[in-house]
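> Sequence plus the predicted model coming up.
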Amino acid sequence: MSAITDPPEIRPRRPLVVVSNREPYQHTRARDGSIQWSPTTGGVAVALDALMRERGGVWIAHGSGDADRDVVDEHDRVIVPPDHPGYTLRRLWLTEEEAKQYYEGFANEGLWPLCHEAHVRPIFRKPDWERYQQVNDRFADVIEGELPELAAPVFIQDYHLALVGGRLRRRQPGVKTAIFWHIPWPSADRLRICPWRREILAGLIGNDLIAFQLDRDRRNFLAAARESGFEVTRNTVRMGNRIVAVKAVPIGVDYDRIQRITQDPGLGAEQARLRQELGLDTPLIGIGVDRLDYTKGVLERLDALELLLERRADVRDRLTFVQVGVPSRSSLPSYVDVVEAIDRKVADINARHGSGRAIRYRKSSFRIKRLVALYRLANFCIVSSLHDGMNLVAKEFVAAREDEDGVLVLSEMAGAAQQLHDALLINPYDVEGFTSAIEEAIDMPRDERRRRMHAMRRIVAGRDIFGWASDILEGLEQLNPRALPPAPVVRPAERERLSVSRVRIPPGAQPS
Ligand code: G6P
């Protein structure tokens, strides 16, 4: 007799509003004047696009493509993905100066190195901070204008938009917002470097829910909030009469989509093209896929590969290492420096070893299908971040290996290492140990490769991008079990007539 279970409860879904700095699709003008589009790379955009394709709604982001304005309607909206319309992208425009100070300056020269322990000094400038506040305000304005109803969940992404939740709540006190902080949250000591840490904390606490990748980040955040005078419990922060939930919800990948790509009959042809273009004719292939960022440990990886080539004469002519480097934030000196150092190191290794072609370096982004083809060509994949919130390349590689082969060499400083215990974990600062792990990957018997990959695939499949999103969004719904009936949004003109109650904040932590 089979057990009878209740059918799952199907709840109507409210339209979702996603907000991020980086847009999921960019339109650019080609040399011949035609307009082209491309999906943007980087963990956040790829992960959230999968969610929006499935769920629909509005995604608000900075329109940074040079033809972005040419394709939007009079409300700055365009339907995406361009080849498979699924949701609305609402673009917000930034002047060059705004982008320079808010995005390059405060977000990427200040907060990014503050949160990643990779030995690049955070730079905090007052004008950048002022601009960051203004731009966060502009995002809040646009969200307010796009809110379909007050109960629509607003899902804010990452360190560019720390103040948006608080700013939006000032305009619409009943709004429901969650923010996901995709990068590590620093220890209280390190956070002290930031002159405006209290304002950043207060801005984040303006949300209903704050989610981090790891429990370590959640604990660091709560410690900083307590130190700044907020009332804190194990997983909440109180601000005035509001209780804010603080959770750790590790992000995943779109596992099913990657499975579909692995089963695509065209994958073999894509692999053949890659082999030809990259001249891959050795029996052993290693790969690395990274944004060209100093946090990714690409130089440390090249050091380990060089030591491997010195140590192992038997590997020298049998191994090709493919490094895909996606150019990123290229106008910042810290990025220019690391890119130049990688160029020099690759040239140096190739001049000294493996008949000049040991490292095949491609500075470009790969679309997901090509990436999956590359993942499937590899005997091993190296992720050697010096510090990383999660690292979705590690999870994509595992998701692509439906053949249960291939070895993942993974930095213990990447968030993914907290879940993927069957990777070969390395310390990127320990060149000897790192090199030994690559040797182990090369020499690993098939049975062990299968066992490890099988175990990692269960984990990656069990925590995909949709599970991640629903943990956060359902968490947001449950904060207020007697959820508000759909309420009209108070438009700015009316709001002036209504009094908005102010929340009490601890001394020194002004909401910004
Ligand atoms: C990381 C950040 C994202 C960012 C991505 C690409 O994954 O957490 O917020 O979008 O890098 O960086 P970019 O500066 O090009 O948006």
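Okay, I see it.
> use CA for all of it now, contacts and neighbours both
Fine.
> Now do the contacts for A224.
Residues near A224 by CA atoms under 8 Å, 6 or more residues apart in numbering: 187-188, 191.
> tally of neighbours for D388?
D388 has 25 neighbours, counted by other CA atoms under 10 Å.
> That one contacts M413, doesn't it?
Yes: D388 lies in contact with M413 (CA atoms under 8 Å); the separation is 6.4 Å.
> how close does P173 sit to E23?
Here P173 is placed at a distance of 27 Å from E23 (CA to CA, to the nearest Å).
> Compare neighbour counts for the two and give me the winner.
E23 (25 against 16).
> Is the more buried one in contact with G65, as I believe?
No: the criterion here is CA under 8 Å, and E23 misses it with G65 at 9.2 Å.
> Let me know the secondary structure of A469.
Secondary structure, DSSP: H, G, I helix; E, B strand; the rest coil: A469 is helix.
> contacting residues around it?
Counting by CA under 8 Å, 6+ apart, A469 touches L51.
> ok so F321 is a helix residue?
No: using three-state DSSP, the assignment for F321 is strand, not a helix.
> For it, give the beta-bridge partners.
For F321, the beta-bridge partners are G286, I359 (DSSP bridges).
> of the contacts of A224, the lowest pLDDT goes to which?
When the contacts of A224 are compared by pLDDT, A188 scores lowest at 93.
> Residue of the stretch 151-300 of the chain closest to the ligand, please.
Residue nearest to the ligand within the stretch 151-300 of the chain (CA to the nearest ligand atom): H182, separated by 5.0 Å.
> Tell me which residues touch that residue, please.
Contact analysis of H182 by CA under 8 Å, 6+ apart lists 44, 157-159, 212-213, 389-390.
> and those, which of them are in helices?
V44 (DSSP state H).
> Now the buried members of the contacts of H182.
44, 157-159, 212-213, 389-390 (16 or more other CA atoms under 10 Å).
> Now do the closest residue to N136 other than its chain neighbours: how many residues are near it, please.
Residue nearest to N136 in three dimensions, not counting chain neighbours: V164, with 5.3 Å by CA to CA, 6 or more residues apart in numbering. For V164, the neighbour count with other CA under 10 Å is 29.
> Tell me how far V164 lies from V324.
Separation of V164 from V324 (CA to CA) stands at 34 Å.
> isn't the residue nearest to N136 right up against F139?
Yes: using CA under 8 Å, V164 is in contact with F139, at 6.7 Å.
> what residues does the stretch 101-250 of the chain put near the ligand?
Within reach of the ligand by CA under 6 Å from any ligand atom, the stretch 101-250 of the chain has these residues: 158, 182-183.
> Surely S331 is in a helix?
No: using three-state DSSP, the assignment for S331 is coil, not a helix.
> ok, it to the ligand distance?
Between S331 and the ligand the computed distance is 11 Å (CA to the nearest ligand atom, to the nearest Å).
> What separation is there between that residue and V339?
As defined by CA to CA, S331 lies at a distance of 11 Å from V339.
> Then A178?
35 Å.
> again, but for T95
Distance check for T95 against V339: by CA to CA, it reads 27 Å.
> more crowded one of these two?
With neighbours defined as other CA under 10 Å, T95 and V339 compare such that V339 has more, 22 against 7.
> Can I take it that the more buried one is in a helix?
Yes: assessed with three-state DSSP, V339 lies in a helix.
> From what I see, it and T295 are in contact.
No: under the criterion of CA under 8 Å, V339 makes no contact with T295, lying 11.9 Å away.
> On the three-state scheme, I349 is what?
helix.
> nearest spatial neighbour of it, skipping sequence neighbours?
Closest to I349 by CA to CA, 6+ apart is E306, at 6.5 Å.
> Can you name the element that comes right after the helix or strand hosting that neighbour?
Assigned by DSSP states H and E, E306 belongs to helix 298-311. Next along the chain after helix 298-311, taking DSSP H and E as the criterion, comes helix 313-316.
> Mind listing residues that contact that following helix?
The contact list for helix 313-316 (CA under 8 Å, 6+ apart) reads 309-310, 353-354, 358.
> Just the buried residues of the contacts of A224.
Buried among the contacts of A224 (16+ other CA under 10 Å): 187-188, 191.
> will you turn these into CSV that also has secondary structure?
Converted to CSV, these look like this (three-state DSSP):
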residue, secondary structure
S187, coil
A188, helix
L191, helix
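> Looking at the residues you listed, which is nearest N379?
S187 (36.8 Å; CA to CA).
> For the closest residue to that closest one other than its chain neighbours, identify the helix or strand it belongs to.
Spatial nearest neighbour of S187, excluding adjacent residues (CA to CA, 6+ apart): N220 at 5.2 Å. Using DSSP H and E, N220 falls within helix 215-227.
> starting at the chain centroid, how far to that helix?
Relative to its chain's centre, helix 215-227 lies at 20 Å (CA atoms, centre = their mean, to the nearest Å).
> cool, stretch 186-194 as well?
21 Å.
> Just the endpoints, please. Distance across that stretch?
End-to-end distance for stretch 186-194, by CA to CA: 11 Å.
> outside of it, which residues touch it?
Identification of contacts with stretch 186-194 by CA under 8 Å, 6+ apart yields 110, 114-116, 122, 124, 197, 217, 220-221, 223-224, 227.
> repeat that with 10 Å
The set of residues external to stretch 186-194 that reach it, using CA atoms under 10 Å, 6 or more residues apart in numbering, is 110-111, 113-117, 121-124, 185, 197-198, 200, 216-228.
> Next: stretch 434-445.
284-286, 300-301, 303-309, 311-312, 315, 319, 379-382, 384, 406-411, 423-428, 431, 433, 449.
> Of those, select the buried ones using a ChimeraX command.
Of these, the buried ones can be selected in ChimeraX as follows, counting by 16+ other CA under 10 Å:
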select :284,285,286,300,301,303,304,305,306,307,308,309,315,319,379,380,381,382,384,406,407,408,409,410,411,423,424,425,426,427,428,431,449
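> For Q36, give me its contacts.
By CA under 10 Å, 6+ apart, the residues touching Q36 are 26-30, 65, 67-68.
> Of these - the most surrounded one?
Neighbour counts for these (other CA under 10 Å) peak at D68, which has 23 neighbours.
> How is the closest residue to it other than its chain neighbours assigned, secondary-structure-wise?
Using CA to CA, 6+ apart and skipping the chain neighbours, the partner closest in space to D68 is H27 (4.9 Å). Following three-state DSSP, we place H27 in the strand state.
> give me the beta-bridge partners of H27?
Following DSSP bridges, H27 is listed with bridge partners W37.
> Hmm, it is touching L89, no?
No: contact criterion CA atoms under 10 Å: H27 and L89 do not qualify, at 12.0 Å.
> Which neighbours do those two have in common?
Here H27 and L89 have G63 as joint contacts, going by CA under 10 Å, 6+ apart.
> what does the stretch 251-400 of the chain put close to the ligand?
So far as CA under 6 Å from any ligand atom goes, the stretch 251-400 of the chain lies against the ligand at 328-329.
> one more time with 8 Å
Contact residues (CA under 8 Å from any ligand atom) of the stretch 251-400 of the chain with the ligand: 291, 328-329, 389.
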